[in-house]
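Visitor: My questions are about this predicted structure, shown below with the sequence.
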Amino acid sequence: MRFPCFSVINIILILALAGCNRQQEKPATASSPAVNETAIATTVLATIADDEKPPQTIPGHAAGPEAQSQPASFQVIFSESGRGVAYTVETDGKFSVVHNNTRGKAYSAVGTIVLSSDGRRIAYRALSDGKWRMVVDSKEGRRYDVLLSPIFSPDGQHVAYQAKAGEKWHIVVDNTPSAGTTASYTTPEFSSDSALIAYVESAASSSGMRLIVSDLTFSKQSVKRSIGDLLFTISGDKTRIAAAQVVDNKLRVIDFSFAKPDVVHEGPLYDVIEKLTFSDDGVSVSYCALKGRTRLMVLDNREELLPKGLLPQLPVVRPDNKGVGVILTSQNRCFLHQSFYKSTEKGKKYDEAADLAYSKDGRLSVYAARKGENWFVVVNGKEGPAFDRVVLPVFSPDGKRLVYRARKDDKRFLVVADTAGKTIKQHPAYEQVFQPVFTADGKSVVYGVKDGNKLICRVEGI
């Protein structure tokens, strides 16, 4: 079954290498953490032993009949720096996590593995004697009835997660829980300096929800009204926060910085607000809104009519903050619409489209599209070569190259193209290839591959 305009990737093996990060539901960009290397290099970071068996299901998660009929696959995580790797193995019905060649304690189940960016630290939830504990660097935290996936702070020094004990949910930072609520919380977000954390505390009614910016001990907090996780976001640079509020049965967006949470910008009132997002630099805020029956795209309080269609993905603010791109679907056909920007590109329609991105200067747009059985990139309206699948195209920092993952005849590889979508280089094929990130000088890409039982980091020029 295909879902129009959604990027559907059924991959159990997940790598979050600098150059291999796929966990945030957003493509890696030139501003992502990158290693300062330019030479071509292939490094085997781990070798899965012959006696290590993958779990029959993802530990800690139920599997449907379809998943149960598929061959078991390893759940593998690489760190952003490339210096850490972890995966889950099953022995006699128990699950263990192997981190940097050291196998941890066996548990009844384990959840999603998360590594710090340098790969030296690890966190995952584990089930033992009917209770869940967060395991951080082999140390077990407090016992809880329910635990959700952890996150590391940008500096790798702190771990935060959601936990439930009895009737109360808590935000936990470094094993210290918040006071708790009988409702629930959104996934917490750290500030860029790792000193603060933001999250939404749910309540019985949407008007009673609270957006909280707190220090890491929960002793100093700034509290604002909000309406939940679907309309709560932080900028890509982790400096600004945006959320929606209910005001007299209307909605408005507020935004402010982590550094000065009491200096709040309030947007206009609308009947409906959805798809709230920031520009990468945190300067601009964009979202879709309804004013009566009029459907609008909003960018920094500017309004423009939005064509009919569903929005399966978030809008993307152009890097120059002068426009917003969004992929719309109408009558099972998908097309790119650009608001606040006069584009000469015709709105071609496709069977599927996803993963919109812009070059750093905003001159070029790219997304993956499908027509019939063929997938290709579309760069400023020009279609690249056809493949069986194309995933997450991204421009080089100088905007002269385009890099994306592709599959053809069951072979997976990285493609380097020019700004017209024409292939310049096709990298070697592997069993699995994961999302690249550019090195600091922008001349090479770093990405992870799985080649049999070897987990490899590749650094190669573009």
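Guide: Noted; the coordinates are in hand. Numbers count the residues shown, from 1 in each chain.
Visitor: Okay, residue 392 and residue 80: tell me how far apart.
Guide: 16 Å (Cβ to Cβ, to the nearest Å). Just so you know, the C-beta spots here come from the backbone N, C-alpha and C atoms, and that holds for glycine as well.
Visitor: These two: which is more packed in?
Guide: More neighbours surround residue 80 than the other of residue 392 and residue 80, with 25 against 22 (other Cβ atoms under 10 Å).
Visitor: Surely the more buried one is in a strand?
Guide: No - looking at residue 80 with DSSP: H, G, I helix; E, B strand; the rest coil, it is coil, so not inside a strand.
Visitor: so it makes contact with residue 117?
Guide: Yes - counting by Cβ atoms under 8 Å, residue 117 is a contact partner of residue 80 at 4.1 Å.
Visitor: what about residue 384, distance to residue 271?
Guide: From residue 384 across to residue 271, the span is 41 Å (Cβ to Cβ).
Visitor: now do residue 392
Guide: As judged by Cβ to Cβ, residue 392 and residue 271 stand 34 Å apart.
Visitor: for residue 460, same thing?
Guide: Distance from residue 460 to residue 271, counting by Cβ to Cβ: 51 Å.
Visitor: just residue 79 next, same as before
Guide: From residue 79 to residue 271 the distance is 45 Å (Cβ to Cβ).
Visitor: out of these two, which sits in the more crowded spot?
Guide: Legend: neighbour count by other Cβ under 10 Å for residue 79 and residue 271, higher for residue 79 (30 against 13).
Visitor: so the more buried one touches residue 118, yeah?
Guide: Yes - judged on Cβ under 8 Å, residue 79 makes contact with residue 118 at a distance of 6.4 Å.
Visitor: for the stretch 201-350 of the chain, what are the low-confidence residue spans?
Guide: For the stretch 201-350 of the chain, the stretches flagged by pLDDT under 70 are 203-208, 227-230, 343-347.
Visitor: in it, which spans are strands?
Guide: Per DSSP state E, counting those that start in this stretch, the stretch 201-350 of the chain carries strands over the ranges 210-215, 221-225, 232-234, 240-247, 250-257, 265-266, 272-278, 285-291, 294-299, 302-305, 316-317, 324-330, 333-339.
Visitor: Could you dump those into TSV and include distance to residue 406 and mean neighbour count?
Guide: Below are the strands of the stretch 201-350 of the chain laid out as TSV (distance: least, Cβ to Cβ, whole Å; neighbours: other Cβ atoms under 10 Å):
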stretch	distance to residue 406	mean neighbour count
strand 210-215	41	19
strand 221-225	44	16
strand 232-234	30	21
strand 240-247	34	22
strand 250-257	37	19
strand 265-266	42	14
strand 272-278	27	20
strand 285-291	30	22
strand 294-299	31	20
strand 302-305	34	13
strand 316-317	21	25
strand 324-330	19	22
strand 333-339	19	21
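Visitor: With distance to residue 151 added, can I get these in JSON lines?
Guide: Converted to JSON lines, the strands of the stretch 201-350 of the chain look like this (distance: least, Cβ to Cβ, whole Å):
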{"stretch": "strand 210-215", "distance to residue 151": "15"}
{"stretch": "strand 221-225", "distance to residue 151": "19"}
{"stretch": "strand 232-234", "distance to residue 151": "12"}
{"stretch": "strand 240-247", "distance to residue 151": "16"}
{"stretch": "strand 250-257", "distance to residue 151": "20"}
{"stretch": "strand 265-266", "distance to residue 151": "26"}
{"stretch": "strand 272-278", "distance to residue 151": "18"}
{"stretch": "strand 285-291", "distance to residue 151": "23"}
{"stretch": "strand 294-299", "distance to residue 151": "29"}
{"stretch": "strand 302-305", "distance to residue 151": "33"}
{"stretch": "strand 316-317", "distance to residue 151": "23"}
{"stretch": "strand 324-330", "distance to residue 151": "27"}
{"stretch": "strand 333-339", "distance to residue 151": "32"}
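Visitor: Looking at those, spot the one closest to residue 126.
Guide: For the strands of the stretch 201-350 of the chain, proximity to residue 126 was assessed by Cβ to Cβ; strand 210-215 is nearest, at 26.4 Å.
Visitor: Dump that closest one to PDB, restricted to CA.
Guide: The C-alpha trace of strand 210-215 is given here as PDB (Å, rounded to 0.1, in the frame of the first residue of the first chain):
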ATOM      1  CA  ARG A 210       1.300  24.700  30.300                       C
ATOM      2  CA  LEU A 211       4.500  25.300  28.400                       C
ATOM      3  CA  ILE A 212       7.400  25.100  30.800                       C
ATOM      4  CA  VAL A 213      11.000  26.300  30.400                       C
ATOM      5  CA  SER A 214      13.000  25.000  33.300                       C
ATOM      6  CA  ASP A 215      16.500  24.600  34.600                       C
END
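Visitor: List the contacts of the closest residue to residue 452 other than its chain neighbours.
Guide: Leaving out its chain neighbours, the residue that sits closest to residue 452 by Cβ to Cβ, 6 or more residues apart in numbering is residue 431, at 6.8 Å. Listed by Cβ atoms under 8 Å, 6 or more residues apart in numbering, the contact set of residue 431 reads 412, 449-452.
Visitor: which of those count as buried?
Guide: Neighbour counting with 16 or more other Cβ atoms under 10 Å marks 412, 449-451 as buried within the contacts of residue 431.
Visitor: which sections of the stretch 1-150 of the chain are below the confidence cut-off?
Guide: In the stretch 1-150 of the chain, residues with pLDDT under 70: 1-39, 57-73, 81-83.
Visitor: re the thing from before, and residue 365, which of the strands of the stretch 201-350 of the chain is closest to it?
Guide: Closest to residue 365 of those is strand 324-330 (Cβ to Cβ; 6.0 Å).
Visitor: Contacts for the closest one next, please.
Guide: 4-5, 275, 286, 288, 297, 299, 306-313, 315-318, 334-341, 353-354, 356, 358, 365, 367.
Visitor: what about 7 Å?
Guide: By Cβ atoms under 7 Å, 6 or more residues apart in numbering, the residues outside strand 324-330 that reach it are 4-5, 286, 297, 299, 307-313, 315-318, 334-340, 353-354, 356, 365, 367.
Visitor: Tell me what angle it forms with strand 285-291.
Guide: Computed by axes from the mean of the first three to the mean of the last three Cα atoms, to 10 degrees, the angle separating strand 324-330 from strand 285-291 equals 50 degrees.
Visitor: from the chain's centre, how far out does strand 324-330 sit?
Guide: Using Cα atoms, centre = their mean, to the nearest Å, the mean C-alpha position of strand 324-330 is found 19 Å from that of the whole chain.
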